[in-house]
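S.K.: need coordinates for the following:
(chains A, B, C and D)
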Number of protein chains: 2
Amino acid sequence: MSPGKSKRQELLCRYLEENPFLTDNELAHMLGVSIQTVRLDRWGLSIPELRKRLREVAKGSYGQVSALQKEEWIGDLVDLEPGSQGVSILEVSEEMTLNSTKVARGHYIFAQANCLAVSLVNTKVALTGTAKISFKRPVYCGEKVIARAFISRKKDNKFIVRVTSKVQDETIFQGKFLIFAIA
Amino acid sequence: MSPGKSKRQELLCRYLEENPFLTDNELAHMLGVSIQTVRLDRWGLSIPELRKRLREVAKGSYGQVSALQKEEWIGDLVDLEPGSQGVSILEVSEEMTLNSTKVARGHYIFAQANCLAVSLVNTKVALTGTAKISFKRPVYCGEKVIARAFISRKKDNKFIVRVTSKVQDETIFQGKFLIFAIA
DNA sequence: AAATACTTTAATACCAGATACTAAATTAGA
DNA sequence: TCTAATTTAGTATCTGGTATTAAAGTATTT
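M.R.: Predicted coordinates:
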């Protein structure tokens, strides 16, 4: 991949993030390339056409739910062995950060860990009882948080789950969750 | 104007109010008339085409999105004395609960407390360092959670904030947050 | 019943903003 | 220099329309 291509694709993303209502034609002019190249780039980045983007924005806003509200889970489960361990990835988006800085709100990091911890417990319903958590350093917009969790102890319907969240091998969060399984 | 026409136009409006993402074709089938009649009706009612409707909804919401981002707090601040204490109310909605039961996800309760704790610290940026939290009992859909927070200790740029969340005088959550103020 | 007006349907040409595909031209890397 | 990646071009096709003209169908009135 040429440097021009990846740089252009980055730009394209930035333009569309700023203004998702741009046509391929407008993008082509802005980037100084042909419309075919723009389409090829969009395809490579799996960005849908303008009309679908409009549909998404429109439909998304039609439900009118806030970011944390509409997400069932915070983070994407990439590996899960119920009853043992699991891994979840969360890419920190603009909505999760404070305005002035680009630092993620603590409760998103917590939410990711909590979701993962709860999903480890292999029952219909699991509830967090207590938790001791620690944010090691701020996480910035765009960073990928990888949370790893494992069940460290189990007694009756009580589970102790330890979660460590990292950004590129640097621990940014640690938590110990006591979780109750409910039958 | 025949009664059939005005009745149909009323129906058309109702359908579009319910779901503005309907094509003329779909409307024609729903109303049992030809597509031309639908277009004529839309013209008479000066209802724009689907794509323009989408654009409007999308653009209209796009301004609001950034406005919502600014004050994306979990919970409503009802009382706040920065540097001392504050109260926040959160009504648990369907989106915050698990599907099977009607129990609120722990991280919403945490998020409310965390937001409140951070807002108590009267600086531009405040970050949660560590927290020790405890969920006393599940919270159900529709319940109003009242979180009260106060700064229990302060040293340099470190604040210890204690939060107690209640549902009708019953404590459902307690937390101790160590928060860093950043200049 | 016939003439007139209103309503509905049909048909055609055209547009924006795309997809899907083929192919040629350009550029960069070995 | 030759090859492979990248970019551009061109064409056919799609959706969901607009705009226009024309032809039916249905009342309404005279």
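S.K.: low-confidence stretches in chain A?
M.R.: A:1-3, A:60-73, A:99-100, A:183 (pLDDT under 70).
S.K.: residue ranges of the helices in it, please?
M.R.: Along chain A, counting by DSSP state H, helices occupy A:3-18, A:24-31, A:35-44, A:50-63, A:67-70, A:106-120.
S.K.: for the ones you listed, which one ends up most surrounded?
M.R.: helix A:106-120 (a mean of 26; mean count of other C-beta atoms under 10 Å in any protein chain shown). The C-beta positions use only the backbone N, C-alpha and C, and glycine is treated the same way.
S.K.: any idea how far the residue nearest to A:Glu56 when sequence neighbours are not counted is from A:Ile146?
M.R.: Excluding its sequence neighbours, the residue lying closest to A:Glu56 (C-beta to C-beta, 6 or more residues apart in numbering or on different chains) is A:Pro48, at 7.5 Å. Taking C-beta to C-beta, to the nearest Å as the measure, A:Pro48 falls 27 Å from A:Ile146.
S.K.: what does chain A put close to DNA strand C?
M.R.: A:2-4, A:23-25, A:36, A:39, A:42-43, A:48-51 (C-beta under 7 Å from any atom of the strand).
S.K.: check contacts around A:Pro82.
M.R.: A:119-122 (C-beta atoms under 8 Å, 6 or more residues apart in numbering or on different chains).
S.K.: ok, now A:Val78?
M.R.: Here A:Val78 is in contact with A:87-89 (criterion: C-beta under 8 Å, 6+ apart).
S.K.: and A:Ile172, by the same measure?
M.R.: Counting by C-beta under 8 Å, 6+ apart, A:Ile172 makes contact with A:109, A:135-139, A:145, A:165-166.
S.K.: out of the residues you listed, who's near chain B?
M.R.: Checking those against chain B by C-beta under 8 Å from any C-beta of the partner chain, the ones in range are A:135, A:138.
S.K.: buried subset of the contacts of A:Ile172 as a ChimeraX selection?
M.R.: What follows is the ChimeraX syntax selecting those of these that are buried according to 16 or more other C-beta atoms under 10 Å in any protein chain shown:
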select /A:109,135,136,138,139,145,165,166
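S.K.: looking at the contacts of A:Ile172, spot the one nearest A:Arg14.
M.R.: The shortest gap between A:Arg14 and any of these belongs to A:Val139, at 20.8 Å (C-beta to C-beta).
S.K.: hmm, that closest one is touching A:Val103, no?
M.R.: Yes. Counting by C-beta atoms under 8 Å, A:Val139 touches A:Val103, with 6.8 Å between them.
S.K.: which single one of the contacts of A:Ile172 is nearest to B:Glu17?
M.R.: Among the contacts of A:Ile172, and counting by C-beta to C-beta, the member closest to B:Glu17 is A:Ile109, at 40.5 Å.
S.K.: which parts of chain A belong to which domain?
M.R.: As assigned by automatic domain parsing, chain A contains the domains A:3-63, A:67-182.
S.K.: now for these, which one comes closest to DNA strand D?
M.R.: Set against DNA strand D and scored by C-beta to the nearest atom of the strand, the domains of chain A come closest in domain A:3-63, at 3.2 Å.
S.K.: circling back to that earlier point, what is the neighbour count of the residue nearest to A:Glu56?
M.R.: 12 (other C-beta atoms under 10 Å in any protein chain shown).
S.K.: roughly how far apart are it and A:Glu94?
M.R.: On the measure of C-beta to C-beta, A:Pro48 and A:Glu94 end up 19 Å apart.
S.K.: and what of A:Ile179?
M.R.: For A:Ile179 relative to A:Glu94 (C-beta to C-beta), the value is 31 Å.
S.K.: try A:Tyr108
M.R.: Applying C-beta to C-beta to A:Tyr108 and A:Glu94 gives a distance of 12 Å.
S.K.: close to DNA strand D: what parts of chain A are there?
M.R.: A:1-2, A:4-5, A:8, A:33-34, A:36-37, A:40.
S.K.: which strand residues bridge A:Ser149?
M.R.: Check again: residue A:149 is Ala, not Ser. A:Gly86, A:Val163 (DSSP bridges).
S.K.: hmm, it is touching A:Ser84, no?
M.R.: No. Checked against C-beta under 8 Å, the pair A:Ala149 and A:Ser84 is beyond contact range at 9.6 Å.
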